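A.B. asks: 3D model of this:
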Amino acid sequence: MQCSRDHGVSVVVTLYNYMQFITDCISSFRRQVVSFPVEMVVVDDGSKDRGAAVVSRISRLPGHAIRLISVGSNRG
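C.D. replies: Down below sits the predicted model:
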């Protein structure tokens, strides 16, 4: 789903080497039923695992908007 600036709520999740948990986190987000626009922004803080690839794949599925931002290196 393409993200736009028309979201009422943005849920921001930081990701650093927690690939084993990000799928459950996104699944929980996607199960929410709300009456307003919502998006999830996942910020990959330089993870060394494949968490960003998992988020990228899931973000292409229909449903709530999910956006991945990769900062390249760990910034704490």
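
A.B. asks: remind me which residues of this protein are low pLDDT?
C.D. replies: Low-confidence segments of the chain (pLDDT under 70): 1-7, 76.

A.B. asks: Show me the helices in it, by range?
C.D. replies: Remark: helices assigned in the chain by DSSP state H are 19-31, 51-59.

A.B. asks: Mind giving me the packing neighbours of the first one?
C.D. replies: Right, helix 19-31. strand 9-15, strand 38-44, helix 51-59 (3 or more Cβ pairs under 8 Å, 6 or more residues apart in numbering; DSSP states H and E). Where you see a C-beta, it was placed from the backbone N, CA and C, and this is true even at glycine.

A.B. asks: How far does the last one sit from its chain's centre?
C.D. replies: Shown here is helix 51-59, whose average C-alpha point lies 8 Å from the average C-alpha point of the whole chain (Cα atoms, centre = their mean, to the nearest Å).

A.B. asks: Buried ones in that helix, by neighbour count?
C.D. replies: Gly51, Ala52, Val54, Val55, Ile58, Ser59 (16 or more other Cβ atoms under 10 Å).

A.B. asks: what's the distance between the nearest residue to the second one once chain neighbours are set aside and Ser35?
C.D. replies: Setting aside the residues directly before and after it, Ala52 is nearest to Asp44 in space (Cβ to Cβ, 6 or more residues apart in numbering), at 4.2 Å. For Asp44, the distance to Ser35 equals 30 Å [Cβ to Cβ, to the nearest Å].
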